[in-house]
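1. just need the structure, nothing else, for what follows:
(one chain, ligands or ions: 1)
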Amino acid sequence: MTNDTTDHAGGDGPAGDGLRTGVVGAGVMGRDIAALLANAGCEVVLVDVDADALAAAESYLQREASAALADAGLATDTDPLADRTSYATDLDALADCEFVVEAISESLDAKRGLLAELEAVLAPDAVVGTNTSSLTASAVAAEAEYPERVVLFHFANPAIPRDVVEINGESASEDALALAESVARAMGKTPFRLGTERRANGLSRLSAAIKCAGTWELLDADAAEIEVGARNMGFPRGPLAFIDLIGLDIHLATVDNLAVEYGGRFAPPESVRERMETMVADGRAGAKDGEGFFRWEDGEAVLPAVESPHDVQPIVAALVNEAHRMVADGVADRETLNEILKRGSGGAIGPFDIEGMVGGDVLRDVLESRYAETGAGVFEPAETLG
Ligand code: NAD
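-> Here you go, the predicted model:
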């Protein structure tokens, strides 16, 4: 496990200039990744099967991405986005690419299918980075002709301002991993080489613990009480607003993906799952529908007045607890996990900073009591905590 916090000046890294790159999937993540690559000096082909999604991404890259790059302190002084970016609905357009990022839907079958199609187009030594949040690079590569080309290349959302890219891949070659790190630096990002591959990797697993614990707190408090309690504790956004933002449907699909490896550890209580499924069926799947746990206006959850904010210590304890499990699993060391959470959330503290402030014994007491009450795996204390 290594991390690199020294060499990440925007746009002037070693792999940017002229590298022929592609991005498949022009959605929320893919369009920002394309902008970052173009800004780094790469030639970029952005591909999506959906022509409307592609047109929307093109408009975003032409009209909005430069400002987002400037706000993040990453903008280069030319206008490279339009000059260096082309758009296609067919993967053949990627034939010359040396580095391709896939940011399509979060489905193992879809990602494996895409990889098979890419291998028919790309040179054997081209590298493919997967932005998967709940799978592993080697699972995506398992049926590939050249599995050594597939690396995890995972961004936080929003990708432009968040300074973190998680990289690993147990079937990946060292050359492929090194190219991915070099490209991340050229994009102005700090790459973190994770250790053992586990589903959800680093940031997504910490986030899964927070969101899951938030759904268990719904047994004792309403969504607004939890949200205000979380914000009072210093979270930029609470777990239920976070689920709203991702979409309740996507969140439940991620829970199911993680269950393959972790059993029920990240699952909501059954009654809350039923409630969320009903909300999805009724067209209240979160921010994209204008309503989920909260009503959404201008990209923000509208919070009603709350008389008694909920005590969210169990959510905080679940976060620190999961970080302990990840260290034990060999995913990353404490310093790396602190950095990943800070950089990925835009916040000022990591899980082990929190433990230092609150005390591991206090957190263990909170978890023991909540685990006794609920039996929820997310609250089961890790051996090393406290
Ligand atoms: P999205 O739904 O916004 O965009 C996905 C795009 O992929 C769509 O435009 C779709 O038309 C396109 N697509 C689907 N199958 C395709 C195919 N075979 N070929 C070409 N295009 C195809 O999704 P997103 O939120 O950008 O997520 C993309 C990936 O990034 C997922 O793996 C997700 O888990 C991961 N991720 C998402 C976030 C997040 O917060 N949204 C954060 C980190 C990682």
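2. who's in contact with the residue nearest to Leu152 when sequence neighbours are not counted?
-> Counting by C-beta to C-beta, 6 or more residues apart in numbering, Ala137 is the residue found nearest to Leu152 once chain neighbours are left out, at 4.2 Å. C-beta: built from backbone N, CA, C; applies to glycine. By C-beta atoms under 8 Å, 6 or more residues apart in numbering, the contact set of Ala137 is Thr130, Val150, Val151, Leu152, Asn168, Gly169, Glu170, Ser171, Ala172, Glu197.
3. ok, these vs Ala67, which is closest?
-> Checking the contacts of Ala137 against Ala67 by C-beta to C-beta gives Thr130 as the nearest, at 28.2 Å.
4. that closest one contacts Ala144, correct?
-> No: the pair Thr130 and Ala144 fails to qualify as a contact (C-beta atoms under 8 Å) at a distance of 11.1 Å.
5. report the set of residues contacting both of these two.
-> With contacts defined as C-beta under 8 Å, 6+ apart, the residues shared by Thr130 and Ala144 are Val150.
6. so the two - more neighbours on which side?
-> Shown here are Thr130 and Ala144; by other C-beta atoms under 10 Å, Thr130 has more neighbours (25 against 18).
7. from the contact counts, what lies against the top helix by length along the chain?
-> Longest helix in the chain, counting residues (DSSP state H): helix 313-329. Counting contacts by 3 or more C-beta pairs under 8 Å, 6 or more residues apart in numbering; DSSP states H and E, helix 313-329 packs against helix 203-217, helix 334-345, helix 351-358, helix 360-374.
8. switch the cut-off to 10 Å
-> Applying 3 or more C-beta pairs under 10 Å, 6 or more residues apart in numbering; DSSP states H and E, one finds that helix 313-329 contacts helix 203-217, helix 223-232, helix 239-246, helix 334-345, helix 351-358, helix 360-374.
9. what's the angle from it to helix 223-232?
-> 60 degrees (axes from the mean of the first three to the mean of the last three C-alpha atoms, to 10 degrees).
10. buried set for helix 313-329?
-> Neighbour counts over helix 313-329 (16 or more other C-beta atoms under 10 Å) mark 313-327 as buried.
11. closest point of the stretch 201-350 of the chain to the ligand, which residue?
-> Nearest residue of the stretch 201-350 of the chain to the ligand (C-beta to the nearest ligand atom) works out as Ile246 at 5.8 Å.
12. near the ligand, which residues of the chain?
-> Residues of the chain lying near the ligand by C-beta under 6 Å from any ligand atom: 24-30, 47-50, 53, 103-106, 110, 114, 131-133, 155, 157, 246.
13. any chance you could map the strands in the stretch 101-250 of the chain?
-> 127-130, 150-152, 154-155, 165-167, 191-193 (DSSP state E, counting those that start in this stretch).
14. looking at these, spot the one closest to Ala223.
-> Comparison of those against Ala223 by C-beta to C-beta identifies strand 154-155 as nearest, at 27.7 Å.
15. partner strands of that closest one, parallel or antiparallel?
-> Sheet neighbours of strand 154-155, with direction, are listed as strand 165-167 (antiparallel) (DSSP bridges).
16. how many other residues sit next to the residue in the chain that the ligand sits nearest to?
-> Proximity of the chain to the ligand (C-beta to the nearest ligand atom) peaks at Gly27, 1.9 Å away. By other C-beta under 10 Å, the residues close to Gly27 number 15.
17. quickly note the distance from it to Gly195.
-> Going from Gly27 to Gly195 by C-beta to C-beta, to the nearest Å gives 29 Å.
18. and the residue positioned nearest the centre of the chain, what is it in contact with?
-> What sits nearest the mean C-alpha location of the chain, by C-alpha atoms, centre = their mean, is Ala156, with 4.3 Å. Residues near Ala156 by C-beta atoms under 10 Å, 6 or more residues apart in numbering: 29, 133, 162-166, 189, 203-204, 207, 340-341, 343-346.
19. could you report the neighbour count for the nearest residue to Ala65 once chain neighbours are set aside?
-> Closest residue to Ala65 apart from its sequence neighbours, by C-beta to C-beta, 6+ apart: Ala35 at 3.8 Å. When neighbours are counted by other C-beta under 10 Å, Ala35 registers 28.
20. how about the strands of the stretch 101-250 of the chain in a markdown table, adding mean pLDDT?
-> Formatted as a markdown table, the strands of the stretch 101-250 of the chain follow (pLDDT from 0 to 100):
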| stretch | mean pLDDT |
| --- | --- |
| strand 127-130 | 98 |
| strand 150-152 | 98 |
| strand 154-155 | 98 |
| strand 165-167 | 98 |
| strand 191-193 | 98 |
